[in-house]
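>>> Provided below for reference: sequence and predicted model.
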Amino acid sequence: MNEFVEQFLIEGRELVAQGNDDLLALEEHPDDRERLDGAFRAFHTLKGAAGIVDFVAMSRALHAAEDVLSAVRSKSAPVTPGLIDLCLACLDQVSAWIDRMRSSGELPADADAAADDLVRRFATLASPDTASLAPRGPGDATTRRPADSTGVSTIERDLLEAQKLMLAEPAPEGAAAARLESASRIAANVLRHHGRSLDAADLEGPLQSSLVTGNAEAMIEAIDRILEGLAEPAPERPGTLSPQAPEATLRVDVDRIDSLVRLTGELLIAKNAIGHSAARAQGEGDPRALAVALKNQHLALDRLIGELQRSVFSLRVLPLQHAFQRFPRLVREMATALGKPARLMIEGATTEADKTIVEAIAEPLLHVLRNGLDHGLEDASERAALGKPATATIHLRAERQGEHVVIEVEDDGRGIDVARVREVARRRNAAPEAAIVAMSDEEAINLIFAPGFSTASRVTDLSGRGVGMDVVRNTIERLGGRVSLSSRRQRGTTVRFTLPFTVIMTQVLTVEAAGQVFGVPLEAVVETVRVGRSAISPVGAARAMVLRDRTLPVIDLGQALGRGARAAEGDANVLIVAVAGQLGGLEVDRLGDRLDVMLKPPEGLLAGIPGIDGTTLLGDGRVLIVLDLGEVFGNADD
Amino acid sequence: MAEASSKRILIIDDASLVRRYYRDALERAGFEVDEALNGVEALEKLLGEPADLLIVDVNMPQMDGFTFLRSLRQQAPPIASIPALVISTEAGPHDRRAARSAGANFYLVKPVAQDVLVQHVSIMCGLPA
């Protein structure tokens, strides 16, 4: 058997497996461009390989399949179950031929009949307007076909992905700069080839930044942006596309617009009803009847405004597919790099979530996937010894559960060794000793989310980037969600993100009192004033000040928190706040920043303490307590 | 616009048949082609005249492809950053990884059809589609 045939037999088997995977996934998600490209590539490469070993019959059958897939790629034919079946049948036949070649060492003599049959079936599948898909003479099958534009774009993609992989690899002494520059040259040339010469100049910034910091991350991110940009058609004026900018336009379902229009109509009716009540209040009507009418109108308005709010939020939802689409490919690449065959199965990619969440979720998910591949999965030999399938399966699932969106990553790897987690947590002081001892196994496993914890005993190029699972948790919590983890020894690990469906941002003003930082809902703040403390006078047990002829109660937040009364000198920072229609003054030590935060209701011990509206996680990981001013001032009256 | 004729490709392979196969395809596509039989000869040639792209075999006498690439990436500019396309007989992940680690920009597995080679070289040199 010559070297080429041997090569062909090995490669052929891999390509058949890859083609099978992609076809099955494509059947499930007919719009999955990556799977379509993958399947096409498998057939294309197989055909090329068959040509090199002069297996004309196999080339012919594969050529027919490739043409049908090519029509799907150019959107002139749909993905149908019949098409998938026939492509799979073609791969089965190829697989059978390869088996026979392996055992006999020769090309199967009777392959022509089976090939003719396949070619005929593919031709029947093709619609009349794609007559060019009709079978060709045996001689044509192996002739060179000009590369179509979509095929080239697959090479472009592969080239860009390869640069990322190379940059992620640790560079030998003195070679890092040359490697960055060579990757940058390739990326720029891919852009030039793609007709985006102007964009090529944009690589200079990330290149310099990576050269200066000695960290390839900036360059890798720049290449990622190009990869995202390649999915779009080339812009008419090159250089106008800025792939980095978050999406400024949203595609909105017509139903959602209709529901807004309907709500607007109902709001108009409610408004008219209030006008009617106002007219009645001017006349001699019965005040009690008027109060009942107003109360009902208030209820109606309350309901409508709540509905309006929900409708408006629903405009901001996107399918999670936007975040998931890069993963099959990334997992394949990472799995190849690690030499651990793994298959990613995505379920529920059409599940919708708030745009903020869809845009922010990809990074923590990627981190979890990367961790799972790197640490969670055994290598092929270990899996074989355990009787597990050689190819590991990672499930990525998304599901809407009431007001939450749950996203799960489940692998069938070795699971997490709780004893080892406890040991590492102890060694790295991730939690107090007594707490570690007292924890149940389920609780102890969650120690891997503690800051500074990482079970990686070796640093690999994939996950050894100094970012631990605590960053994942922080990101999820900042989105108002929770992270949990469950694991069974030798069975696998599941990481679960529970996220809110709608993201309601509250504007707060941070203030400082008694050495602590608090948030005050900005909607309650009327103004901030600076007054001499002598202007704040004691009124009984409380204090008051006069602002533009109105007397306002003043609460010293520091004092309310238990700090002693201040000396009555110097100036005071007072927030003038409106609480239930009444004005009040809140004295603080210092005013901070305005922030947009996601408010969580107080949990645990905080839930029992009055005066707290909710909490939010700041960018640096600190918890900000947001005050419930109604309760703060209400208590002062007691 | 860039033209193939302005791009110089250096083929580094000890097998004369392979060199001829690549040269034939690339010259028909209009590229300027030069050849080296191993890494040592390639470095000498590059120090004389840089190239736009290197096509590198792995198993070669005197200096193999990976050693050549590691050494190339440690040279002074401008030759250190010349993009390299490794074409190897090995398809396994370890070989791909070794190539990346040595600084290869892309990896193809032999045999590479002539049209596939020209496609890759054209894109890697930034020629218009």
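Structure received. Since the structure is predicted, the reported quantities are computational estimates derived from the model, not experimental observations.

>>> And residue A:410, how far from residue A:487?
To residue A:487, residue A:410 is 10 Å away according to CB to CB, to the nearest Å. Quick note: C-beta positions are derived from backbone N, CA and C, even for glycine.

>>> next one: residue B:124
Distance from residue B:124 to residue A:487, by CB to CB: 44 Å.

>>> Compare these two (neighbour count), which wins?
Taking neighbours as other CB atoms under 10 Å in any protein chain shown, residue B:124 and residue A:487 compare with residue B:124 leading, 26 against 23.

>>> Help me confirm that the more buried one comes into contact with residue B:53.
Yes. Using CB atoms under 8 Å, residue B:124 is in contact with residue B:53, at 5.5 Å.

>>> Now do the shared contacts for the two.
The contact sets of residue B:124 and residue B:53 overlap at B:83, B:85 (CB atoms under 8 Å, 6 or more residues apart in numbering or on different chains).

>>> pLDDT at residue A:245, what is it?
Looking at residue A:245, its pLDDT stands at 34.

>>> ok, now residue B:108?
Value listed for residue B:108 in the pLDDT field: 91.

>>> ok, for it, nearest residue in space, not its chain neighbours?
residue B:87 (4.9 Å; CB to CB, 6 or more residues apart in numbering or on different chains).

>>> Confirm the one you found sits in a strand?
Yes. Residue B:87: assigned to a strand according to DSSP: H, G, I helix; E, B strand; the rest coil.

>>> Can you tell me the number of residues neighbouring it?
25.

>>> Over to the one 10 residues further on?
Residue B:97 has 19 neighbours, counted by other CB under 10 Å.

>>> Residue A:482 too?
16.

>>> what does the one 10 residues further on give?
When neighbours are defined as other CB under 10 Å, residue A:492 has 23 of them.

>>> now it: how far from residue A:469?
Residue A:492 is 17 Å from residue A:469, by CB to CB.

>>> again with residue A:317
Using CB to CB, residue A:317 is found at 28 Å from residue A:469.

>>> how near is residue B:61 to chain A?
For residue B:61, the distance to chain A (CB to the nearest CB, to the nearest Å) stands at 19 Å.

>>> part of a strand, is that residue?
No. Secondary structure of residue B:61 (three-state DSSP): coil, not part of a strand.

>>> Show the low-confidence segments of chain B, by residue range.
Applying pLDDT under 70 to chain B flags the ranges B:1-2.

>>> Identify the single longest helix in it, thanks.
Looking across chain B with DSSP state H, the single longest helix is helix B:16-28.

>>> Show me what counts as buried in that helix.
B:18, B:19, B:21, B:22, B:23, B:25, B:26 (16 or more other CB atoms under 10 Å in any protein chain shown).

>>> Pull the contacting residues for the fourth one.
Translated: residue B:22. B:11, B:13, B:33, B:55, B:117.

>>> switch the cut-off to 10 Å
Listed by CB atoms under 10 Å, 6 or more residues apart in numbering or on different chains, the contact partners of residue B:22 are B:9, B:11, B:13, B:31, B:33, B:35, B:55, B:57, B:87, B:112, B:114, B:117-118, B:121.

>>> Which of the residues you listed sits closest to chain A?
Distance to chain A across the contacts of residue B:22 (CB to the nearest CB) is lowest for residue B:114, with 7.9 Å.

>>> Can you classify residue A:353 by secondary structure?
Going by three-state DSSP: residue A:353 is strand.

>>> Name the nearest residue to it, sequence neighbours excluded.
Here the residue nearest residue A:353, using CB to CB, 6+ apart, is residue A:405, at 4.5 Å.

>>> three-state assignment of that neighbour?
What three-state DSSP gives for residue A:405 is strand.

>>> got a pLDDT number for it?
So, for residue A:405, pLDDT stands at 91.

>>> right, and it touches residue A:358 too?
Yes. With contacts defined as CB atoms under 10 Å, residue A:405 counts as touching residue A:358 at a distance of 9.4 Å.

>>> Next, show the common contact partners of these two.
With contacts defined as CB under 10 Å, 6+ apart, the residues shared by residue A:405 and residue A:358 are A:317, A:320, A:351, A:352, A:499.

>>> tell me which of those is nearest to residue B:129?
Nearest to residue B:129 among the shared contacts of residue A:405 and residue A:358 is residue A:320, at 33.1 Å by CB to CB.

>>> which residues sit in contact with that closest one?
Counting by CB under 10 Å, 6+ apart, residue A:320 makes contact with A:346, A:348-353, A:357-358, A:361-362, A:365, A:396, A:398-400, A:405, A:407.

>>> Return the backbone torsion pair for it.
phi -60, psi -10 (degrees, to the nearest 10).

>>> Check it and give its pLDDT.
On the pLDDT scale, residue A:320 gets 88.

>>> any idea how far it is from residue A:272?
Taken as CB to CB, the span from residue A:320 to residue A:272 is 42 Å.

>>> Help me confirm that residue A:395 is found in a strand?
Yes. Counting by three-state DSSP, residue A:395 falls inside a strand.

>>> do you know how far it is from chain B?
Residue A:395 sits 23 Å away from chain B, going by CB to the nearest CB.

>>> partner residues bridging the nearest residue to that residue once chain neighbours are set aside?
In this structure, residue A:395 finds its nearest non-sequential neighbour in residue A:410, 4.5 Å apart by CB to CB, 6+ apart. Residue A:410 has the following beta-bridge partners by DSSP bridges: residue A:395, residue A:494.

>>> you'd agree residue A:410 is up against residue A:346?
No. Using CB under 10 Å as the test, residue A:410 is too far from residue A:346 to be in contact (11.8 Å).

>>> Can you pull the residues that touch both of those two?
In contact with both residue A:410 and residue A:346: A:394, A:395, A:396, A:397, using CB under 10 Å, 6+ apart.

>>> and which of the residues you listed is nearest chain B?
When those are compared for distance to chain B (CB to the nearest CB), residue A:394 wins out at 17.5 Å.

>>> show me where chain B has strands.
B:8-12, B:32-36, B:53-56, B:84-88, B:106-109 (DSSP state E).

>>> Would you mind pulling up the elements that the last one packs against?
Same thing as strand B:106-109. The contact analysis (3 or more CB pairs under 10 Å, 6 or more residues apart in numbering or on different chains; DSSP states H and E) places strand B:106-109 against helix A:3-28, helix A:149-168, strand B:53-56, strand B:84-88, helix B:93-102, helix B:114-124.

>>> Would you mind listing what in the stretch 201-350 of chain A touches chain B?
Residues of the stretch 201-350 of chain A lying close to chain B by CB under 10 Å from any CB of the partner chain are A:234, A:335, A:336, A:337, A:338, A:339, A:340, A:341.

>>> Might you report the residue contacts of residue A:627?
Counting by CB under 10 Å, 6+ apart, residue A:627 has contacts A:508, A:511, A:513, A:518-521, A:524, A:557, A:560, A:577, A:586, A:611-614.

>>> Throw together a ChimeraX command that grabs the buried residues out of those residues.
Typed into ChimeraX, the line below selects the buried ones among the contacts of residue A:627, using 16+ other CB under 10 Å:
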select /A:508,511,513,518,519,520,521,524,557,560,577,586,611,612,613,614
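
>>> Could you single out the nearest of the buried residues of helix B:16-28 to chain A?
residue B:25 (10.7 Å).

>>> For the nearest residue to residue B:114 once chain neighbours are set aside, give me its contacts.
If the residues on either side of it in the chain are set aside, residue B:114 comes closest to residue B:25, at 3.7 Å by CB to CB, 6+ apart. Residues in contact with residue B:25 (CB under 10 Å, 6+ apart) are B:31, B:33, B:112, B:113, B:114, B:115, B:116, B:117, B:118, B:121.

>>> switch the cut-off to 8 Å
The contact partners of residue B:25, taken as CB under 8 Å, 6+ apart, are B:114, B:115, B:117, B:118.
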